[in-house]
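Enquirer: build me a model:
(one chain, ligands or ions: 1)
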Amino acid sequence: MTDVNLIGGPSGGETCAVVTSVYESAPAQEPPSRSLADLTTLRVGGTARRLVTARTTEELVAHVHDADSRGEPVLVLGGGSNVVVSDEGFDGVVVLVATRGLSADVSDCAGAFLTVAAGEPWDGVVAQTLAHEWIGLETLSGIPGATGATPIQNVGAYGADVSATIARVRTWDRLAGAYATFAASDCGFGYRTSRFKEEPGRYLVLEVSFQLELGPLSDRIRYAELASALGISVGERAPLGQVREAVLGLRRAKGMVLDDADHDTWSAGSFFTNPLLTVEAAASLPDGAPRYAQPDGTVKTSAAWLIERAGFGKGYGTGPATLSGKHTLALTNRGGATAADILRLARDVREGVRERFGVMLQPEPVLVGCEL
Ligand SMILES: Cc1cc2nc3c(=O)[nH]c(=O)nc-3n(C[C@H](O)[C@H](O)[C@H](O)COP(=O)(O)OP(=O)(O)OC[C@H]3O[C@@H](n4cnc5c(N)ncnc54)[C@H](O)[C@@H]3O)c2cc1C
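Expert: Predicted structure coming up:
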């Protein structure tokens with residue numbers, strides 16, 4: 001990560017000595033306008049009635065609390081990479097989370113215990129952990145957005161979900177008007193969900209703490225495509241830096257690393273979650289459909305597989321909104337698309353999959369002021 005002010009680092013192996021390591025990424029720029037298209041990776045959405053930037057945790061709570069006391073609608077925004085905002089914009093205050101800071105207590109016996117401000121850009125945090133040889137976030141390289149949003153939908157990629165390393169989440173409970181800290185076991189984590197997503201808007205995430213192991217090698221690689229890119233077998237480990245580079249390479253090839261010059265990345269990432277089906281519904285899918293048994297008895301299938309087999313190939317659509325040319329699961333803005341264009345394409349795909357397979361796809365991004 002560039003623009004990092006590194007103050008300190010882990011010790012040279014003093015047994016159980018705790019060393020505190022701190023860094024802060026560069027401050028966030030002032031937003032160019034109140035246009036939500038400028039603040040979201042899909043680049044659609046009208047303007048916010050009011051926009052404020054919170055640079056400290058105290059400011060963040062104060063902005064949200066003040067608006068709540070006045071009954072003014074609030075939209076909390078990190079990197080804007082998991083939202084579709086309506087063309088009408090947002091008739092309330094948009095609070096941009098631009099808080100900064102990471103501190104870590106590191107010891108040979110307890111590993112690294114990191115606490116990260118909600119506004120820290122996620123990929124910079126991942127890069128820092130790998131540079132310090134802290135294990136656990138390597139396969140989550142390249143995911144856009146801010147750290148505070150990661151517990152909300154329990155972000156995941158290449159065989160790992162962030163919930164595996166989260167120790168606790170500190171929040172402001174807007175309903176109770178009080179601070180509330182949740183241990184990971186109380187966060188209700190599931191596939192792309194959590195208690196924070198289940199009760200939308202209730203919890204303002206202020207800080208996320210992670211418990212990571214120490215060492216030069218990654219966690220065991222669980223994803224076949226990644227293992228193959230690394231030239232190892234599933235279940236083996238690889239040097240942390242190599243895992244990050246392999247993940248970034250795979251993600252770039254799928255348009256899943258933000259790049260202003262590449263319209264395939266003007267998206268909200270995967271637009272639909274992978275459906276969790278009953279055993280009977282999964283059995284009725286054609287031979288060859290991916291089926292992954294889940295601990296809760298459901299069967300996960302692949303949304304991308306269903307979309308492709310329903311006739312929506314890469315690049316489907318005539319624009320200005322089309323499927324990505326690199327990945328059928330990403331709906332993209334080719335330049336000048338509106339939220340209505342994106343939602344029209346999403347309905348088209350969702351209906352096609354429902355007609356062909358009887359499976360109703362669910363959107364992954366949060367829809368603000370609009371619906372499918
Ligand atoms: C190219 C691309 C690739 C992606 N790849 C992946 C992937 O591999 N895996 C994955 O899981 N996701 C992926 N995503 C989705 C997205 O990046 C993640 O969900 C990310 O965590 C969203 O962070 P954000 O800060 O941009 O959230 P935003 O879009 O700003 O917000 C998302 C939701 O969280 C709420 N929110 C944000 N911050 C806070 C806070 N501090 N407190 C309370 N609520 C808050 C918002 O109100 C909104 O409801 C991808 C997106 C893109 C564009």
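
Enquirer: so which bits of stretch 45-52 are buried?
Expert: Buried residues in stretch 45-52, counted by 16 or more other CB atoms under 10 Å: G45, G46, T47, A48, R50, L51, V52. Heads up, the C-betas are built off the backbone N, CA and C, glycines and all.

Enquirer: okay, these in TSV with pLDDT next?
Expert: Formatted as TSV, the buried residues of stretch 45-52 follow (pLDDT from 0 to 100):
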residue	pLDDT
G45	98
G46	98
T47	97
A48	97
R50	96
L51	96
V52	96
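
Enquirer: between the residues you listed, which is nearest P295?
Expert: Nearest to P295 among those: G45, at 37.1 Å, using CB to CB.

Enquirer: okay, now D91: neighbour count?
Expert: 14 (other CB atoms under 10 Å).

Enquirer: how much space between A340 and L42?
Expert: As judged by CB to CB, to the nearest Å, A340 and L42 stand 12 Å apart.

Enquirer: next one: S233
Expert: S233 is 38 Å from L42, by CB to CB.

Enquirer: and these two? which has more neighbours close in?
Expert: Using other CB under 10 Å as the criterion, S233 and L42 rank with L42 on top: 27 against 10.

Enquirer: got the residues of the stretch 201-350 of the chain near the ligand?
Expert: L204, V205, M256, L258, T265, S267, A268, G269 (CB under 6 Å from any ligand atom).

Enquirer: please report phi then psi for the residue lying closest to the first one once chain neighbours are set aside.
Expert: Excluding its sequence neighbours, the residue lying closest to L204 (CB to CB, 6 or more residues apart in numbering) is W172, at 4.2 Å. In this entry, W172 is assigned phi and psi values of phi -110, psi 120 (degrees, to the nearest 10).

Enquirer: I'd like to know how many residues surround W172.
Expert: Neighbours of W172 (other CB under 10 Å): 21.

Enquirer: beta-bridge partners for it, please?
Expert: For W172, the beta-bridge partners are Y179, L204 (DSSP bridges).

Enquirer: please tell me how far it sits from the ligand.
Expert: Distance of W172 to the ligand, computed by CB to the nearest ligand atom, to the nearest Å: 8 Å.

Enquirer: now M360
Expert: Between M360 and the ligand the distance is 21 Å, computed by CB to the nearest ligand atom.

Enquirer: burial measure for that residue, as a count.
Expert: 11.

Enquirer: picking up where we left off before, the ligand: which of the buried residues of stretch 45-52 is nearest?
Expert: G45 (11.2 Å; CB to the nearest ligand atom).

Enquirer: how about the residue nearest the centre of the chain, nearest residue that isn't a chain neighbour?
Expert: When CA atoms, centre = their mean is applied to the chain, the residue found nearest the centroid is V155 (4.5 Å). Sequence neighbours aside, V162 is the residue nearest to V155 in space, at 5.1 Å (criterion: CB to CB, 6+ apart).

Enquirer: check contacts around the one you found.
Expert: L137, L140, T150, P151, N154, V155, G156 (CB atoms under 8 Å, 6 or more residues apart in numbering).

Enquirer: restrict those to contacts with the ligand.
Expert: Restricting those to those near the ligand - CB under 6 Å from any ligand atom - leaves T150, V155, G156.

Enquirer: any idea of the pLDDT on the first one?
Expert: Just to be clear, that refers to T150. We have a pLDDT of 98 for T150.

Enquirer: what about it, neighbour count?
Expert: Count around T150 with other CB under 10 Å applied: 29.

Enquirer: which residues touch it?
Expert: Applying CB under 8 Å, 6+ apart, the residues near T150 are W122, L140, I143, V162, I166, V208.

Enquirer: the closest residue to G336 other than its chain neighbours and E88, how far apart?
Expert: Leaving aside its sequence neighbours, G336 sits nearest to P320 (CB to CB, 6+ apart; 4.8 Å). Counting by CB to CB, the gap from P320 to E88 is 18 Å.

Enquirer: so the two - more neighbours on which side?
Expert: A count of neighbours by other CB under 10 Å puts P320 above the other of P320 and E88, at 17 against 13.

Enquirer: surely that one touches A337?
Expert: Yes - counting by CB atoms under 8 Å, P320 does reach A337; the two are 3.9 Å apart.

Enquirer: now the strands for the stretch 51-200 of the chain?
Expert: 74-77, 83-85, 90-97, 102-107, 111-117, 134-135, 156-157, 160-161, 166-173, 178-183 (DSSP state E, counting those that start in this stretch).

Enquirer: other residues contacting the second one?
Expert: Pointing back at strand 83-85 there. For strand 83-85, using CB under 8 Å, 6+ apart, the contacting residues are 36-37, 40, 42, 44-46, 75, 77, 268, 339, 342-343, 363, 365-370.

Enquirer: packing partners for the longest helix along the chain?
Expert: If you go by DSSP state H, the chain has its longest helix at helix 339-357. Counting contacts by 3 or more CB pairs under 8 Å, 6 or more residues apart in numbering; DSSP states H and E, helix 339-357 is packed against strand 83-85, helix 303-309, strand 321-323, strand 331-333.

Enquirer: among those, single out whichever gets nearest to Q29.
Expert: Taking those one by one with CB to CB, strand 83-85 is closest: 19.2 Å.

Enquirer: fine by me, thanks again.
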